[in-house]
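Engineer: Provided below are the primary sequence and the corresponding predicted coordinates.
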Amino acid sequence: MNMADRIQHLRKSKGISQEELADKVGVSRQAVSKWESEQSTPDIEKVILLSNFFDVTTDYLLKGIEPITESDTERSDARIFSLIGSVFNFIGLVVAIMIWNKEQTSSSVAVGLILMAVGIMVFVIGQFIGDNKEKASFLFWIVNVWILILMPISCIFNFLQGIKFGHWWTFTPIPQLGNSIVSYALCWGFYLMFCIVVDFLLIKHSKR
């Protein structure tokens, strides 16, 4: 691992973007990008600022010489928390749909939201105590936007459908077909478009 790799690794482990690191050390984002792509290297003043910000020695930044402490070896990977959180969210959605299909009651949404709240809490804990925070956040949201947004959109759609068309409505985990097939199709279209746009933005940001 060279100096460029070490700077990038430290930045990503801290879960910050190139812009945020640039602000911390008083340079432009382009300068940080050049450091991480080996197009240039920081001067000694910036090396000192980087070492203070990342809480590492200048020897580590310049030469890679840094003892591995016990706390480093015991630090968890935030991606594990993202995976566990995603599982809770998926189970929450599936359970909510199953309860609705069986009992036709809005309590299905409450059960699903409780499980999803646990999933999000697990993810947040990982962001506080784990490494690879940026990658973990990317993996979590690129999948979970499809899971977490469905029930809120469904509840809003059913409510508006009841007001607009006088159709009986209740909170459900998925949209319900009422008096208008067009509005039903538009609801699913909005859901798909929203999730695709969010994923596109996440992928674009991760490549920066």
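Structural biologist: Alright, I've got the coordinates.

Engineer: residues contacting the closest residue to Asp199 other than its chain neighbours?
Structural biologist: Closest residue to Asp199 in three dimensions, ignoring its sequence neighbours and counting by C-beta to C-beta, 6 or more residues apart in numbering: Ile142, at 5.4 Å. For glycine as for every other residue, the C-beta is placed from the backbone atoms N, C-alpha and C. If you count contacts by C-beta atoms under 8 Å, 6 or more residues apart in numbering, Ile142 has them with 199, 202-203.

Engineer: pLDDT of the helix or strand that Ile142 is a member of, averaged?
Structural biologist: Secondary structure here is read from DSSP states H and E; on that basis Ile142 sits in helix 133-148. Confidence over helix 133-148 (mean pLDDT, whole number) is 93.

Engineer: in it, what counts as buried?
Structural biologist: For helix 133-148, the neighbour count (16 or more other C-beta atoms under 10 Å) marks 133-148 as buried.

Engineer: follow-up on the earlier one: ok, the residue nearest to Asp199 to Gly26 distance?
Structural biologist: 32 Å (C-beta to C-beta, to the nearest Å).

Engineer: returning to what we had before: can you lay out the contacts of Ile142 as a markdown table showing secondary structure, neighbour count and pLDDT?
Structural biologist: What follows is the contacts of Ile142, written out as a markdown table (DSSP: H, G, I helix; E, B strand; the rest coil; neighbours: other C-beta atoms under 10 Å; pLDDT from 0 to 100):
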| residue | secondary structure | neighbour count | pLDDT |
| --- | --- | --- | --- |
| Asp199 | helix | 15 | 94 |
| Leu202 | helix | 17 | 91 |
| Ile203 | helix | 11 | 92 |
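
Engineer: would you list those in a markdown table and tack on distance to Glu38?
Structural biologist: Shown next, in a markdown table, are the contacts of Ile142 (distance: C-beta to C-beta, whole Å):
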| residue | distance to Glu38 |
| --- | --- |
| Asp199 | 30 |
| Leu202 | 26 |
| Ile203 | 24 |
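
Engineer: okay, now the unreliable bits of this protein?
Structural biologist: Low-confidence regions of the chain, defined here as pLDDT under 70, cover residues 66-75, 165-169, 179, 208.

Engineer: what ranges do the helices span in it?
Structural biologist: Here the chain has its helices, by DSSP state H, at 3-14, 18-25, 29-36, 44-54, 58-63, 70-74, 78-103, 107-129, 133-148, 150-165, 181-206.

Engineer: among those, which is nearest Pro173?
Structural biologist: Shortest distance between Pro173 and the helices of the chain, using C-beta to C-beta, is found for helix 78-103: 3.8 Å.

Engineer: which helices and strands sit right next to the closest one?
Structural biologist: helix 107-129, strand 130-131, helix 133-148, helix 150-165 (3 or more C-beta pairs under 8 Å, 6 or more residues apart in numbering; DSSP states H and E).

Engineer: out of the ones you listed, which is closest to Glu45?
Structural biologist: Nearest to Glu45, of all these, is helix 133-148, at 26.2 Å by C-beta to C-beta.

Engineer: excluding its backbone neighbours, what's nearest Thr58?
Structural biologist: When the adjacent residues along the chain are set aside, Thr58 lies closest to Ser51, with 4.7 Å between them (C-beta to C-beta, 6+ apart).

Engineer: the one you found reaches Ile44, doesn't it?
Structural biologist: No - at 10.5 Å, Ser51 does not count as touching Ile44 under the criterion of C-beta atoms under 8 Å.
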